[in-house]
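S.K.: For reference, the sequence and a predicted model appear below.
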Amino acid sequence: MPELAEVEIVRRNLEGWWTEPASEVRLLDDELLVRGDPQTLRGLLTSQPPEMGRRGKYLLAGFDDGAIVFHFRMTGKIVLAHQPEPDYARLSWRVDPGWLVFKDRRRLGRVEVFEDDAIDDYEPLTTMGPEPWDLTGELLRDRLSQRRRLKDALMDQSSIAGVGNIAVSELFWRLKLPPDAQVSDLDDDDFEALAAEIPTYFDDIIDREMADEVTYVEEDSSANPFDVYGREGGPCPRCGTEIAREKIAGRSSYFCPQCQS
DNA sequence: TAGTCTGTTAGACA
DNA sequence: CTGTCTAACAGACT
């Protein structure tokens, strides 16, 4: 899915859009709903406008007698549309004057429904690490295993919440860390700098991307809001050296070979 | 054409 | 338990 910043943008958008109970619900792809049954989902969507929340990359809709959890994985998103079944629509609910539509081209996203307080025991949330804005250098040092690559450790949602593959490239560039840095390479000052930069990074990206519909890099490269991610061969914004790309922990990392060594 | 790549993460493996 | 790899899906790209 989008990373934390994109989920937060969807959350804010839904607070403005979803101000009444849904008047109609269309579940267009049964496999989207991986927990709970369609009737309960319909019941919640049509009951009241929910309290919107977010934890890490999970979007939460809280109701008096249950909750819905949305996870977008790689390509999911929720948009406000004029019609219920635009391309890749998986679930739509009507909140006049439009439709809220869960779109997902790759169908990896998921929706889960919980009755009453069952969400309180939902494991991904109960084991998730702290939000970026709650980090301190000390907390990071304690939570990141010394035996791991820094990239692996940061992307593990049980270490800290919200960091994905894009954020890793951007954070490493901002902090001038080599892409294959190990947690054990960091000293206390590095942990402090990282703890300060992670929330700043997400604040920056939320500001840059805040829009009615998030545009992902893969859909529109001209709108790439990142400094190094997706910019292989382009100039480093700091020193002009060509940005390189390398697979670290199985996924592409973008970095400046000059600044980050 | 065939192989590679993509924003996540659960589950399999060593 | 811990760390690492890959499948799940549907394209787009080389």
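M.R.: Nice, I can see it. Quantities reported herein were computed from a predicted structural model and do not represent experimental measurements.
S.K.: can you count the residues close to residue A:111?
M.R.: Applying other Cβ atoms under 10 Å, we find 23 other residues in the vicinity of residue A:111. C-beta coordinates here come from the backbone N, C-alpha and C atoms, glycine included.
S.K.: buried sites along the host helix or strand of it?
M.R.: Secondary structure here is read from DSSP states H and E; on that basis residue A:111 sits in strand A:110-115. Of the residues in strand A:110-115, those buried under the neighbour-count criterion (16 or more other Cβ atoms under 10 Å) are A:110, A:111, A:112, A:113, A:114.
S.K.: Likewise for stretch A:149-165?
M.R.: Result for stretch A:149-165 [16+ other Cβ under 10 Å]: buried residues A:149-155, A:157, A:159-165.
S.K.: Out of these, which are close to DNA strand C?
M.R.: When contact is defined as Cβ under 7 Å from any atom of the strand, the buried residues of stretch A:149-165 meet DNA strand C at A:149, A:152.
S.K.: now, which of the buried residues of stretch A:149-165 sits nearest DNA strand B?
M.R.: When those are ranked by distance to DNA strand B (Cβ to the nearest atom of the strand), residue A:164 comes first, at 2.1 Å.
S.K.: Can you tell me the SS state at residue A:62?
M.R.: Of the three states, residue A:62 takes strand under DSSP: H, G, I helix; E, B strand; the rest coil.
S.K.: contacting residues for it?
M.R.: For residue A:62, the contact set (Cβ atoms under 8 Å, 6 or more residues apart in numbering) comprises A:50, A:51, A:52, A:53.
S.K.: so when I look at the last one, I'm seeing a helix, right?
M.R.: No - counting by three-state DSSP, residue A:53 is not found in a helix; it is strand.
S.K.: got the residue ranges for the strands in chain A?
M.R.: For chain A, applying DSSP state E gives strands covering A:25-27, A:33-35, A:51-55, A:58-63, A:66-71, A:76-81, A:89-95, A:98-104, A:110-115, A:244-248, A:251-255.
S.K.: Nearest to residue A:193, out of the ones you listed?
M.R.: Ranking the strands of chain A by proximity to residue A:193 (Cβ to Cβ) places strand A:251-255 first, at 16.8 Å.
S.K.: Do the closest one and DNA strand C come into contact?
M.R.: No - judged by Cβ under 7 Å from any atom of the strand, strand A:251-255 stays clear of DNA strand C, getting no closer than 7.6 Å.
S.K.: orientation of that strand relative to strand A:244-248 in degrees?
M.R.: Between the axes of strand A:251-255 and strand A:244-248, defined by axes from the mean of the first three to the mean of the last three Cα atoms, to 10 degrees, the angle is 140 degrees.
S.K.: mind checking how far strand A:251-255 is from the chain centre?
M.R.: Taking Cα atoms, centre = their mean, to the nearest Å, one finds the center of strand A:251-255 at 18 Å from the center of the full chain.
S.K.: do stretch A:120-130 as well
M.R.: Once both centres are worked out by Cα atoms, centre = their mean, stretch A:120-130 turns out to sit 16 Å from its chain's centre.
S.K.: I am finished for the moment; much appreciated.
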